[in-house]
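K.L.:
got a sequence here, can you model it:
(chains A and B)
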Amino acid sequence: MSISLSHLTKRYASVAVVDDVTVEIPEGSLTAILGPSGSGKSTLLKMIAGLEMPDEGRVVIEGDDVTDVDPRFRDIGFCFQHYAPFRHMNVAKNIGFGLRVRKQPKAVIAAKVSELVELVKLDNKALSYPSQLSGGERQRMALARALAIEPRVLLLDEPFGALDAIVRTELRHWVKELHRQIKVTTILVTHDQDEAMEVADQLLIMHSGTIEQAGNPSELYDAPATDFVHGFLGPTTVFKGVVVRPHDLEIVSPSSGVMEGVVTSIMELGFEVQVTLTLSDGSMPWVQMSRNEFRSLGVAPGAPIAVRERVAL
Amino acid sequence: MLLDSPARPTSSELGAPPVRKGWRRFFARTKGLFGVSGGVSLIVGYLSIIVLIPIAAVVAHGFSLTIHTHGCGVAFWRWSVNAGFHTFWAAITAPSAISAIRLSLWLSFAVAAINAVMGVAIAWVLVRDDFPARWFLEAFIDLPFALPTIVVGVVLIFLYGPQSPVKVNLFETWMGLMVALLFVTLPFSVRAVQPVLASLDGEAEAAAKSLGAGGVRTFFSVVLSSLWPAVLGGFGLAFARAIGEFGSISLIGGGIGRTTTASSYIYNLTQGFLWTNAAAVSTALLMLSLVILVASNVLSRRIQQRLTA
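P.N.:
Next up, the predicted model:
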């Protein structure tokens, strides 16, 4: 459900790691807090969960001011980067922990657990111990454990950070699909912009303790408010003294160009090709294009070219 | 290419790589002297001289095995196992021996158990709480390691002896023995648990809290389960130490009568020149300690295996 943070501030030894953050997170959204390490994004998340106490400001969940409520009464599902499994309990016991704490009847717990192991596709591992699971399976277990208490909000702290590339992509899709099914307000912290753009429907860009910009991914990508957001969300290059996206530049034949120069180097990365140029004003922008485009262009290092900004269609 | 690295010298340019010669080659090929690695042979050799041979000598004496040496230190062993076992059995089943061993056993067990609990509590305070004189408490915990145990005995006899300034007379009582043993075994219990507690990252605890568990619940269902192997390890060490303790309890226990522990009993036997009996009871004590140590080790390892992959 909706979360609103107002003037949230946290200081460690007089350095503000989270500095006067005011933001509204819409109900049912999947929001990613995106920022480089040390930007305060994890601390912000922990303050929402109550695992860190803010020095100033309020945390309001669904209209309830929970700033001074103990984490265990906040009804928040929290997942850690390293999954924080209870290592001496099997998967089923892990998932049922929150319900046992809430003194639910055994039959209710059993039913809920069997429903959840199915949801997170661990039904054949219910009696395994965390040490017998892969990283992806542990994170799915941690998610099921957090979901068991039917939390008002689901908070994921770098949930895919410790996984290898293939499992990470898989789990991203899975989390997005899960969110589509259960619609619980979810906040995810990550430093990986691809991950954030892919999974989230709302982005909060954090930089040195403050929110640089908030909005949906394409909005932020197309209309970044600051150079930091511009640089953080995707590749940039400088053309005529202005920061632009390298795929917004176009190489054309010298006669029709705006600014002339030569091709300096070419890097082929499968589908994508990056061409670095040296222009007549001495600047060295690079242009990003598809392989097909590159082939039809037919340039080699040293070839004279001209470059211009792509005309928006 | 732009990022072409400078040509790396090939092996032919560097000349032939150095080849192992002489004893280095011998060790590399034989994996040490006895076909095992050098490290293992070193440990076995050291342990034999320091630990195994003296223990073997006591055991042998306990079973009345005599060792005859002829000339140049060459040992010839004459076995008399049958007769020896009877002497051994008679020595350790004497009523006074049994009562001494029984006292030592239950005292050590109780002391190790109490200190297992207190050790966790003290380690918790040392790791989790920040208070001004922590460095002092840290050093204080190790005091029983450094203190000659007879000094502990003297301190206790002053404090809880017949002339006790606090009017608590524990002279010749099991309570007195227990106080002494609790003191000398405390560092084992604390130091076994402390590093493990310090290495917990707190995420599992935070997870338990966010799932609605209170402090007590979190401690018992999440923290303690990670500490069990260490607690058991500390228990084993404290137990073995308590079984063998002599200096600190010899004064407050009085050394005779119903407060004679196994170690005091052995000392009394040596005072009466009953060397064979002393060796026999020592052997029994040795085996008990060994069993407890191995058992706590095996149990601790089994739990540890479940916790990690």
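
K.L.:
distance of the residue at minimal distance from the centre of chain B from chain A?
P.N.:
Note on chain B: the residue nearest the mean C-alpha position is residue B:237, at 3.4 Å, using Cα atoms, centre = their mean. Between residue B:237 and chain A the distance is 23 Å, computed by Cβ to the nearest Cβ, to the nearest Å. Any C-beta I mention is one placed from the backbone N, CA and C, and that applies to glycine too.

K.L.:
what's the answer for residue B:222, then?
P.N.:
Taking Cβ to the nearest Cβ as the measure, residue B:222 falls 6 Å from chain A.

K.L.:
same check on residue B:227?
P.N.:
11 Å.

K.L.:
now residue A:251: phi and psi?
P.N.:
Torsion angles at residue A:251 (phi, psi; degrees, to the nearest 10) stand at phi -90, psi 130.

K.L.:
and for residue A:299?
P.N.:
Torsion angles, degrees, to the nearest 10, at residue A:299: phi -110, psi 160.

K.L.:
before we move on, what about residue A:239?
P.N.:
Per degrees, to the nearest 10, the backbone of residue A:239 is at phi -130, psi 120.

K.L.:
ok, back up a step: the residue nearest to the centre of chain B: which element?
P.N.:
helix B:224-244 (DSSP states H and E).

K.L.:
report all helices and strands that that helix contacts.
P.N.:
helix B:95-128, helix B:174-199, helix B:262-271, helix B:275-307 (3 or more Cβ pairs under 8 Å, 6 or more residues apart in numbering or on different chains; DSSP states H and E).

K.L.:
tell me which of those sits nearest to residue A:276.
P.N.:
Among the helices and strands packed on helix B:224-244, helix B:174-199 comes nearest to residue A:276, with 48.2 Å by Cβ to Cβ.

K.L.:
can you tell me which residues in the stretch 51-200 of chain A are near chain B?
P.N.:
Selection of the stretch 51-200 of chain A residues close to chain B by Cβ under 8 Å from any Cβ of the partner chain yields A:51, A:70-74, A:76-78, A:80, A:82, A:84-88, A:97-98, A:101-102, A:129, A:131-132, A:142, A:145-146, A:148-149.

K.L.:
buried subset of those residues, written for PyMOL?
P.N.:
Filtering those down to the buried ones (16 or more other Cβ atoms under 10 Å in any protein chain shown) takes a single PyMOL command:
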select buried, chain A and resi 51+71+72+74+76+77+78+80+82+84+85+86+87+88+97+98+101+129+142+145+146+148+149
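
K.L.:
the residues of the stretch 51-200 of chain A next to chain B in helices, which ones?
P.N.:
Mapping those onto helices (DSSP state H) picks out A:97, A:98, A:101, A:142, A:145, A:146, A:148.

K.L.:
would you format those residues as CSV with pLDDT included?
P.N.:
Converted to CSV, these look like this (pLDDT from 0 to 100):
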residue, pLDDT
A:97, 94
A:98, 93
A:101, 93
A:142, 93
A:145, 94
A:146, 93
A:148, 93
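
K.L.:
residue contacts, whichever residue of the stretch 51-200 of chain B sits closest to chain A?
P.N.:
Of all residues in the stretch 51-200 of chain B, residue B:200 sits closest to chain A, at 10.7 Å by Cβ to the nearest Cβ. Contacts for residue B:200 (Cβ atoms under 8 Å, 6 or more residues apart in numbering or on different chains) come out as B:223, B:226.

K.L.:
hmm, which helix or strand of chain B has the shakiest average pLDDT?
P.N.:
strand B:74-78 (a mean of 43; mean pLDDT, DSSP states H and E).

K.L.:
can you give me the helices for the stretch 101-250 of chain A?
P.N.:
A:106-119, A:135-148, A:165-182, A:193-199, A:217-222, A:227-233 (DSSP state H, counting those that start in this stretch).

K.L.:
ok, which of the ones you listed comes nearest residue B:273?
P.N.:
helix A:135-148 (65.6 Å).

K.L.:
could you check how far that closest one is from the centre of its chain?
P.N.:
Computed by Cα atoms, centre = their mean, to the nearest Å, the chain-centroid distance of helix A:135-148 equals 18 Å.

K.L.:
which of the residues in it are buried?
P.N.:
A:135-148.

K.L.:
next, the angle helix A:106-119 makes with it.
P.N.:
Angle, helix A:135-148 to helix A:106-119, by axes from the mean of the first three to the mean of the last three Cα atoms, to 10 degrees: 140 degrees.

K.L.:
in contact with the residue of chain A most remote from its centre, which residues?
P.N.:
Relative to the centre of chain A, and counting by Cα atoms, centre = their mean, the farthest-placed residue is residue A:255 at 43.9 Å. Residues near residue A:255 by Cβ under 8 Å, 6+ apart: residue A:306.

K.L.:
assign it to helix, strand or coil.
P.N.:
helix (DSSP: H, G, I helix; E, B strand; the rest coil).

K.L.:
what's the pLDDT at it?
P.N.:
In this model, residue A:255 is scored at 73, pLDDT.

K.L.:
the one 3 residues further on too?
P.N.:
Note on residue A:258: pLDDT of 68.

K.L.:
look up the pLDDT of the residue nearest to residue B:92 when sequence neighbours are not counted for me, please.
P.N.:
Nearest non-adjacent residue to residue B:92, counting by Cβ to Cβ, 6 or more residues apart in numbering or on different chains: residue B:284, 4.7 Å away. pLDDT recorded at residue B:284 is 87.
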